[in-house]
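Peer 1: my questions concern the predicted model and sequence given below.
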Amino acid sequence: MSANIYIVEDEEPIITLIKYNLDKEGYKVSYSDNGNDGIKEIKKKLPDLILLDWMLPDISGVEICKNLKKDNRFKDIPIIMLTAKGEEEDKVKGLNSGADDYITKPFSFPELLARVKALLRRSKPSVISDTVEFDDLKIDRMTRRVYRKDTEVHLGPKEYELLNFFIKNPKRVYSREQLLENVWSENINVETRTIDVHIRRLRQNINLKGSKELIRTVRSAGYSLD
Ligand code: CA
């Protein structure tokens with residue numbers, strides 16, 4: 001699942017920057033460069049979060065925010081105000097308008113992303129949790145914990161990275177060289193048989209009694225999560 005984010009902002013470079021980076025993070029992003037279209041679209045699309053510029057050519061961001069927050073259908077959508085002004089008074093006004101957070105331009109993308117995630121974690125934990133599953137195996141990337149049939153299994157750092165790599169493309173067979181390059185990128189002098197050692201450990205760790213084998217050895221080709 002990924003969150004839908006709506007941007008109302010009239011400065012094109014800012015839209016481009018935010019959209020490009022949020023796309024890369026896996027969010028679905030749409031936008032409008034004016035307030036009237038923005039309100040209409042937001043009411044139609046019901047995004048999971050709104051990034052709202054303070055100064056727009058038609059209606060102010062504060063007005064849009066108030067408009068949405070007084071309506072039960074939209075009041076729970078978190079809003080982050082983007083403001084070029086830094087004055088304390090304006091920030092307070094922004095929060096009085098019901099905005100959930102504000103960020104002052106210019107901002108760095110990581111800063112914005114952190115705010116977005118923090119709000120989504122509260123309002124929609126399901127879209128922000130960073131867990132991946134394959135069969136009865138589950139990785140929680142946020143806490144780096146691994147579960148098999150809901151039982152936590154403990155992996156060494158390399159075994160964790162191997163599994164995390166496999167789970168991105170289940171069923172795909174990777175040669176030892178590919179694993180070396182992707183999981184041992186910092187130390188390419190590792191011998192390929194080292195990989196066999198770590199695969200064996202990974203298997204020992206995730207194969208609980210009575211559970212099926214998930215790491216497949218493909219003769220003369222490599223390994224896959226299958
Ligand atoms: Ca503006």
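Peer 2: In hand now; what should we look at?

Peer 1: okay, CA-based contacts and neighbour counts for the rest of this
Peer 2: Will do.

Peer 1: what sits against the residue in the chain that the ion sits nearest to?
Peer 2: Per Cα to the ion, M55 is where the chain lies closest to the ion, at 4.1 Å. Neighbour list for M55: 61, 83 [criterion: Cα atoms under 8 Å, 6 or more residues apart in numbering].

Peer 1: helix, strand or coil for it?
Peer 2: Here M55 is coil, with the state taken from DSSP: H, G, I helix; E, B strand; the rest coil.

Peer 1: that one and D150, how far apart?
Peer 2: Distance of M55 to D150, computed by Cα to Cα, to the nearest Å: 49 Å.

Peer 1: next one: T143
Peer 2: Counting by Cα to Cα - T143 and D150 are separated by 15 Å.

Peer 1: near the ion, which residues of this protein show up?
Peer 2: By Cα under 5 Å from the ion, the residues of the chain that approach the ion are 55-56.

Peer 1: what residue lies at the spatial centre of the chain?
Peer 2: The residue lying closest to the centre of the chain (Cα atoms, centre = their mean) is E25, at 5.4 Å.

Peer 1: how about low-confidence regions in this structure?
Peer 2: Applying pLDDT under 70 to the chain flags the ranges 1, 85-94, 126-129, 187-188.

Peer 1: the helices in it, which residues?
Peer 2: Here the chain has its helices, by DSSP state H, at 12-24, 35-45, 61-69, 88-96, 109-123, 125-128, 157-166, 176-183, 192-206.

Peer 1: can you lay out these as JSON lines showing distance to R216 and mean neighbour count?
Peer 2: Converted to JSON lines, those look like this (distance: least, Cα to Cα, whole Å; neighbours: other Cα atoms under 10 Å):
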{"stretch": "helix 12-24", "distance to R216": "31", "mean neighbour count": "14"}
{"stretch": "helix 35-45", "distance to R216": "43", "mean neighbour count": "16"}
{"stretch": "helix 61-69", "distance to R216": "52", "mean neighbour count": "20"}
{"stretch": "helix 88-96", "distance to R216": "54", "mean neighbour count": "14"}
{"stretch": "helix 109-123", "distance to R216": "36", "mean neighbour count": "15"}
{"stretch": "helix 125-128", "distance to R216": "31", "mean neighbour count": "15"}
{"stretch": "helix 157-166", "distance to R216": "11", "mean neighbour count": "18"}
{"stretch": "helix 176-183", "distance to R216": "13", "mean neighbour count": "17"}
{"stretch": "helix 192-206", "distance to R216": "10", "mean neighbour count": "16"}
